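Asks: Sequence and computational prediction follow.
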Amino acid sequence: MTDMTDVEQAVEAPAVADAPPGPRRRPRWRRVRPGTALAVAALLLIAVVAALPWLFTDGAPLTPHLDAVLRPPSLAHPFGTDQLGRDVLTRVAYGSRQSLATGLGATALAAVAGLVIGMAAALSGRAADAVVMRLVDALLALPALLVSLLVLTLAGRGSGSEAIAIAVPTALGYARLVRTQAMSVRKSGYVRAAVCLGQRPAVLVARHVLPNTVGPLALVAAIGTGSAITSGAALSYLGLGPQPPSPEWGAMLAQGQQYLPVAWWTGVFPGLAVTVAAVAISVAGRALHHRFAGRTTG
(Lines give C-alpha, C1' and ligand atoms only; values in the text may rest on other atoms or scores of the structure.)
Protein backbone atom coordinates (compact mmCIF):
# COMPACT_ATOMS: atom_id res chain seq x y z
CA MET A 1 0.00 0.00 0.00
CA THR A 2 1.04 3.54 -0.63
CA ASP A 3 1.71 5.51 2.49
CA MET A 4 -0.84 8.32 2.95
CA THR A 5 1.94 10.72 3.94
CA ASP A 6 3.64 10.23 0.56
CA VAL A 7 0.34 10.83 -1.24
CA GLU A 8 -0.30 14.04 0.71
CA GLN A 9 3.21 15.31 -0.04
CA ALA A 10 2.77 14.51 -3.75
CA VAL A 11 -0.53 16.38 -3.86
CA GLU A 12 0.73 19.39 -1.91
CA ALA A 13 4.03 19.75 -3.79
CA PRO A 14 2.58 21.26 -6.99
CA ALA A 15 0.52 23.72 -4.95
CA VAL A 16 3.69 25.03 -3.32
CA ALA A 17 5.49 25.17 -6.66
CA ASP A 18 2.60 26.98 -8.33
CA ALA A 19 2.12 29.53 -5.54
CA PRO A 20 2.56 33.08 -6.78
CA PRO A 21 5.80 34.70 -5.65
CA GLY A 22 5.59 37.27 -2.90
CA PRO A 23 6.09 40.97 -3.58
CA ARG A 24 9.70 41.80 -4.29
CA ARG A 25 11.25 44.58 -2.30
CA ARG A 26 12.46 47.50 -4.33
CA PRO A 27 16.13 48.43 -4.12
CA ARG A 28 16.92 51.11 -1.57
CA TRP A 29 17.79 53.68 -4.18
CA ARG A 30 14.36 53.24 -5.76
CA ARG A 31 12.63 53.77 -2.40
CA VAL A 32 14.02 57.31 -2.10
CA ARG A 33 11.37 59.93 -2.74
CA PRO A 34 11.99 62.27 -5.67
CA GLY A 35 11.78 65.31 -3.40
CA THR A 36 14.41 63.88 -1.08
CA ALA A 37 16.70 62.98 -3.97
CA LEU A 38 16.34 66.50 -5.38
CA ALA A 39 17.12 68.00 -1.97
CA VAL A 40 20.25 65.87 -1.57
CA ALA A 41 21.38 66.81 -5.08
CA ALA A 42 20.87 70.50 -4.26
CA LEU A 43 22.85 70.12 -1.04
CA LEU A 44 25.73 68.44 -2.87
CA LEU A 45 25.76 71.24 -5.43
CA ILE A 46 25.74 73.92 -2.72
CA ALA A 47 28.55 72.14 -0.87
CA VAL A 48 30.69 71.96 -4.01
CA VAL A 49 30.01 75.63 -4.82
CA ALA A 50 30.97 76.66 -1.28
CA ALA A 51 34.15 74.58 -1.31
CA LEU A 52 35.24 75.31 -4.89
CA PRO A 53 33.55 78.52 -6.08
CA TRP A 54 36.22 79.17 -8.70
CA LEU A 55 34.99 76.15 -10.65
CA PHE A 56 31.74 77.99 -11.39
CA THR A 57 32.98 81.53 -11.88
CA ASP A 58 36.31 83.19 -12.62
CA GLY A 59 35.36 86.64 -11.30
CA ALA A 60 36.30 88.41 -8.09
CA PRO A 61 33.44 88.97 -5.61
CA LEU A 62 34.71 92.32 -4.30
CA THR A 63 36.16 93.98 -7.40
CA PRO A 64 33.85 96.68 -8.84
CA HIS A 65 33.43 97.24 -12.59
CA LEU A 66 31.78 100.60 -13.10
CA ASP A 67 31.50 100.01 -16.83
CA ALA A 68 29.12 97.05 -16.22
CA VAL A 69 26.66 98.47 -13.67
CA LEU A 70 23.27 96.75 -13.29
CA ARG A 71 23.51 94.62 -16.40
CA PRO A 72 20.71 92.04 -16.76
CA PRO A 73 21.39 88.27 -16.83
CA SER A 74 23.29 87.21 -19.97
CA LEU A 75 25.81 84.63 -21.12
CA ALA A 76 28.64 86.77 -19.77
CA HIS A 77 26.83 87.35 -16.45
CA PRO A 78 24.23 84.59 -15.85
CA PHE A 79 22.92 86.30 -12.69
CA GLY A 80 23.52 89.85 -13.93
CA THR A 81 25.61 92.52 -12.19
CA ASP A 82 24.94 94.69 -9.15
CA GLN A 83 25.10 98.44 -8.57
CA LEU A 84 28.91 98.39 -8.66
CA GLY A 85 29.20 96.14 -11.69
CA ARG A 86 30.16 93.08 -9.67
CA ASP A 87 29.01 89.72 -11.03
CA VAL A 88 26.07 88.50 -8.92
CA LEU A 89 26.81 84.81 -9.64
CA THR A 90 30.34 85.29 -8.33
CA ARG A 91 29.10 86.97 -5.19
CA VAL A 92 26.42 84.33 -4.59
CA ALA A 93 28.98 81.54 -5.06
CA TYR A 94 31.56 83.04 -2.70
CA GLY A 95 28.85 84.18 -0.30
CA SER A 96 27.72 80.59 0.17
CA ARG A 97 30.79 80.03 2.35
CA GLN A 98 29.81 82.65 4.89
CA SER A 99 26.12 81.79 4.89
CA LEU A 100 26.69 78.06 5.30
CA ALA A 101 29.45 78.58 7.85
CA THR A 102 27.15 80.77 9.93
CA GLY A 103 24.29 78.26 9.79
CA LEU A 104 26.42 75.20 10.48
CA GLY A 105 28.44 76.96 13.19
CA ALA A 106 25.32 78.21 14.95
CA THR A 107 23.74 74.75 14.82
CA ALA A 108 26.89 73.08 16.18
CA LEU A 109 27.16 75.58 19.03
CA ALA A 110 23.46 75.20 19.85
CA ALA A 111 23.67 71.41 19.82
CA VAL A 112 26.68 71.30 22.15
CA ALA A 113 25.23 73.86 24.54
CA GLY A 114 21.82 72.20 24.50
CA LEU A 115 23.39 68.80 25.16
CA VAL A 116 25.37 70.09 28.14
CA ILE A 117 22.43 71.99 29.67
CA GLY A 118 19.91 69.22 29.06
CA MET A 119 22.14 66.45 30.41
CA ALA A 120 23.02 68.53 33.46
CA ALA A 121 19.35 69.10 34.21
CA ALA A 122 18.39 65.46 33.67
CA LEU A 123 21.21 63.96 35.72
CA SER A 124 21.13 66.43 38.61
CA GLY A 125 18.76 66.46 41.54
CA ARG A 126 15.16 67.59 41.40
CA ALA A 127 15.91 71.03 42.79
CA ALA A 128 18.67 71.77 40.27
CA ASP A 129 16.55 70.34 37.45
CA ALA A 130 13.62 72.57 38.39
CA VAL A 131 15.79 75.71 38.56
CA VAL A 132 17.52 75.07 35.23
CA MET A 133 14.36 74.19 33.34
CA ARG A 134 12.37 77.13 34.74
CA LEU A 135 15.14 79.42 33.55
CA VAL A 136 15.08 77.74 30.13
CA ASP A 137 11.29 78.10 29.96
CA ALA A 138 11.51 81.79 30.85
CA LEU A 139 14.03 82.43 28.07
CA LEU A 140 12.03 80.36 25.59
CA ALA A 141 9.05 82.62 26.25
CA LEU A 142 11.00 85.49 24.67
CA PRO A 143 11.00 85.83 20.87
CA ALA A 144 14.11 84.25 19.35
CA LEU A 145 14.87 87.39 17.36
CA LEU A 146 14.80 89.50 20.54
CA VAL A 147 17.28 87.16 22.23
CA SER A 148 19.54 87.25 19.17
CA LEU A 149 19.44 91.05 19.08
CA LEU A 150 20.34 91.17 22.77
CA VAL A 151 23.34 88.88 22.19
CA LEU A 152 24.49 90.95 19.20
CA THR A 153 24.19 94.10 21.29
CA LEU A 154 26.53 92.62 23.89
CA ALA A 155 28.91 90.79 21.52
CA GLY A 156 29.03 93.24 18.61
CA ARG A 157 28.64 92.64 14.89
CA GLY A 158 30.43 90.02 12.81
CA SER A 159 30.13 86.44 11.61
CA GLY A 160 31.18 84.91 14.95
CA SER A 161 28.80 87.06 16.96
CA GLU A 162 26.02 86.30 14.49
CA ALA A 163 26.52 82.55 14.93
CA ILE A 164 26.43 82.89 18.71
CA ALA A 165 23.32 85.06 18.55
CA ILE A 166 21.52 82.41 16.50
CA ALA A 167 22.79 79.57 18.70
CA VAL A 168 21.61 80.97 22.04
CA PRO A 169 17.81 80.76 21.50
CA THR A 170 18.20 77.53 19.53
CA ALA A 171 20.20 75.89 22.32
CA LEU A 172 17.34 76.46 24.75
CA GLY A 173 14.99 74.32 22.67
CA TYR A 174 17.66 71.66 22.23
CA ALA A 175 18.24 71.60 26.00
CA ARG A 176 14.57 70.82 26.64
CA LEU A 177 14.67 68.04 24.03
CA VAL A 178 17.83 66.52 25.52
CA ARG A 179 16.47 66.69 29.04
CA THR A 180 13.21 64.96 28.04
CA GLN A 181 15.03 62.23 26.11
CA ALA A 182 17.57 61.63 28.89
CA MET A 183 14.83 61.39 31.53
CA SER A 184 12.98 58.87 29.37
CA VAL A 185 16.11 56.74 28.93
CA ARG A 186 16.85 56.86 32.67
CA LYS A 187 13.44 55.33 33.39
CA SER A 188 13.73 52.59 30.75
CA GLY A 189 13.89 48.91 31.62
CA TYR A 190 17.39 48.23 30.33
CA VAL A 191 18.86 51.09 32.37
CA ARG A 192 17.15 49.79 35.51
CA ALA A 193 18.51 46.35 34.76
CA ALA A 194 22.00 47.79 34.36
CA VAL A 195 21.64 49.52 37.73
CA CYS A 196 20.63 46.22 39.33
CA LEU A 197 23.74 44.62 37.81
CA GLY A 198 25.89 47.20 39.56
CA GLN A 199 27.06 49.35 36.67
CA ARG A 200 28.57 52.65 37.72
CA PRO A 201 26.66 55.89 36.95
CA ALA A 202 29.40 57.11 34.60
CA VAL A 203 29.18 53.88 32.61
CA LEU A 204 25.39 54.13 32.46
CA VAL A 205 25.56 57.66 31.11
CA ALA A 206 28.28 56.88 28.55
CA ARG A 207 26.81 53.57 27.37
CA HIS A 208 23.05 54.10 27.53
CA VAL A 209 21.88 57.64 28.25
CA LEU A 210 24.24 59.64 26.03
CA PRO A 211 23.99 57.52 22.82
CA ASN A 212 20.19 57.49 22.98
CA THR A 213 20.14 61.25 23.50
CA VAL A 214 22.68 62.37 20.90
CA GLY A 215 20.88 60.56 18.07
CA PRO A 216 17.54 62.42 18.33
CA LEU A 217 19.41 65.68 18.93
CA ALA A 218 21.47 65.20 15.76
CA LEU A 219 18.34 64.57 13.69
CA VAL A 220 16.61 67.69 15.03
CA ALA A 221 19.78 69.75 14.54
CA ALA A 222 20.01 68.59 10.93
CA ILE A 223 16.53 69.95 10.31
CA GLY A 224 17.28 73.14 12.25
CA THR A 225 20.34 74.00 10.14
CA GLY A 226 18.07 75.37 7.43
CA SER A 227 16.38 77.66 9.95
CA ALA A 228 19.80 78.79 11.19
CA ILE A 229 20.81 79.78 7.66
CA THR A 230 17.57 81.73 7.26
CA SER A 231 18.08 83.44 10.64
CA GLY A 232 21.63 84.38 9.67
CA ALA A 233 20.41 85.90 6.41
CA ALA A 234 17.72 87.82 8.30
CA LEU A 235 20.22 89.29 10.76
CA SER A 236 22.55 90.23 7.91
CA TYR A 237 19.62 91.80 6.09
CA LEU A 238 19.07 93.99 9.16
CA GLY A 239 22.73 95.02 9.04
CA LEU A 240 23.75 93.02 12.12
CA GLY A 241 25.94 90.44 10.36
CA PRO A 242 28.94 90.73 8.03
CA GLN A 243 29.19 94.25 6.68
CA PRO A 244 29.51 95.35 3.02
CA PRO A 245 31.22 94.62 0.73
CA SER A 246 31.09 91.07 2.17
CA PRO A 247 29.25 88.76 -0.30
CA GLU A 248 26.87 87.32 2.29
CA TRP A 249 23.41 86.33 1.05
CA GLY A 250 21.44 88.39 3.56
CA ALA A 251 23.68 91.45 3.07
CA MET A 252 23.29 91.10 -0.70
CA LEU A 253 19.52 91.10 -0.26
CA ALA A 254 19.69 94.30 1.75
CA GLN A 255 21.96 96.00 -0.79
CA GLY A 256 19.86 94.93 -3.77
CA GLN A 257 16.48 95.84 -2.26
CA GLN A 258 16.55 99.44 -3.44
CA TYR A 259 17.38 98.37 -6.98
CA LEU A 260 14.60 95.79 -7.33
CA PRO A 261 12.32 98.02 -9.47
CA VAL A 262 15.03 98.44 -12.11
CA ALA A 263 17.29 95.42 -11.48
CA TRP A 264 15.29 92.55 -9.97
CA TRP A 265 18.21 90.11 -10.26
CA THR A 266 20.23 91.91 -7.56
CA GLY A 267 17.85 90.62 -4.88
CA VAL A 268 16.15 87.63 -6.47
CA PHE A 269 19.19 85.40 -6.87
CA PRO A 270 20.60 85.88 -3.33
CA GLY A 271 17.09 85.29 -1.96
CA LEU A 272 16.73 82.20 -4.12
CA ALA A 273 20.04 80.87 -2.78
CA VAL A 274 18.82 81.27 0.81
CA THR A 275 15.51 79.59 -0.01
CA VAL A 276 17.04 76.63 -1.87
CA ALA A 277 19.63 75.99 0.85
CA ALA A 278 17.12 76.19 3.70
CA VAL A 279 14.47 74.04 1.99
CA ALA A 280 16.98 71.43 0.81
CA ILE A 281 18.48 71.05 4.28
CA SER A 282 15.05 70.83 5.90
CA VAL A 283 13.78 68.21 3.43
CA ALA A 284 16.92 66.09 3.74
CA GLY A 285 16.85 66.42 7.52
CA ARG A 286 13.22 65.35 7.74
CA ALA A 287 13.99 62.35 5.53
CA LEU A 288 16.75 61.35 7.94
CA HIS A 289 14.37 61.84 10.85
CA HIS A 290 11.74 59.55 9.32
CA ARG A 291 14.43 57.00 8.47
CA PHE A 292 16.12 56.79 11.86
CA ALA A 293 13.55 58.11 14.38
CA GLY A 294 12.69 55.72 17.15
CA ARG A 295 15.97 53.77 17.06
CA THR A 296 17.53 53.30 20.46
CA THR A 297 20.70 51.68 21.68
CA GLY A 298 20.18 49.30 24.53
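Replies: Perfect, I can see it now.
Asks: Let me see the contact set for residue 122.
Replies: Counting by Cβ atoms under 8 Å, 6 or more residues apart in numbering, residue 122 touches 129, 178-179, 182-183, 186, 209. For the C-beta atoms, the positions are set from N, CA and C on the backbone; glycine is no exception.
Asks: switch the cut-off to 10 Å
Replies: Listed by Cβ atoms under 10 Å, 6 or more residues apart in numbering, the contact set of residue 122 reads 129, 132-133, 175, 178-186, 205, 209, 213.
Asks: Identify, from these, the entry nearest to residue 84.
Replies: Distance to residue 84 across those (Cβ to Cβ) is lowest for residue 175, with 44.1 Å.
Asks: Using neighbour counts, pick out the buried residues of the one helix or strand the closest one maps to.
Replies: Assigned by DSSP states H and E, residue 175 belongs to helix 159-186. By neighbour count on 16 or more other Cβ atoms under 10 Å, the buried set for helix 159-186 is 159, 161-186.
Asks: and that helix, what's its mean pLDDT?
Replies: Averaging pLDDT along helix 159-186 yields 90.
Asks: For it, name the packing helices and strands.
Replies: For helix 159-186, the packing partners by 3 or more Cβ pairs under 10 Å, 6 or more residues apart in numbering; DSSP states H and E come out as helix 88-123, helix 126-140, helix 144-155, helix 189-196, helix 210-237.
Asks: Apply 8 Å and report the result again.
Replies: Applying 3 or more Cβ pairs under 8 Å, 6 or more residues apart in numbering; DSSP states H and E, we find helix 159-186 packed against helix 88-123, helix 126-140, helix 144-155, helix 210-237.
Asks: TSV for the ones you listed, including mean pLDDT and distance to residue 45?
Replies: Output for the helices and strands packed on helix 159-186, formatted as TSV (pLDDT from 0 to 100; distance: least, Cβ to Cβ, whole Å):
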stretch	mean pLDDT	distance to residue 45
helix 88-123	93	10
helix 126-140	90	35
helix 144-155	88	29
helix 210-237	90	15
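Asks: right, so of the ones you listed, which gets closest to residue 265?
Replies: Nearest of the helices and strands packed on helix 159-186 to residue 265, taken as Cβ to Cβ: helix 88-123 at 6.1 Å.
Asks: relative to helix 126-140, how tilted is the closest one?
Replies: 150 degrees (axes from the mean of the first three to the mean of the last three Cα atoms, to 10 degrees).
Asks: by how many degrees do helix 88-123 and helix 210-237 diverge?
Replies: Relative orientation of helix 88-123 versus helix 210-237 (the same axes, to 10 degrees): 140 degrees.
Asks: how about the residue minimising distance to the centre of the chain, what does it touch?
Replies: Centroid check for the chain by Cα atoms, centre = their mean gives residue 225 as the closest residue, at 2.7 Å. Contacts for residue 225 were tallied using Cβ under 8 Å, 6+ apart; they are 103-104, 107, 281, 285.
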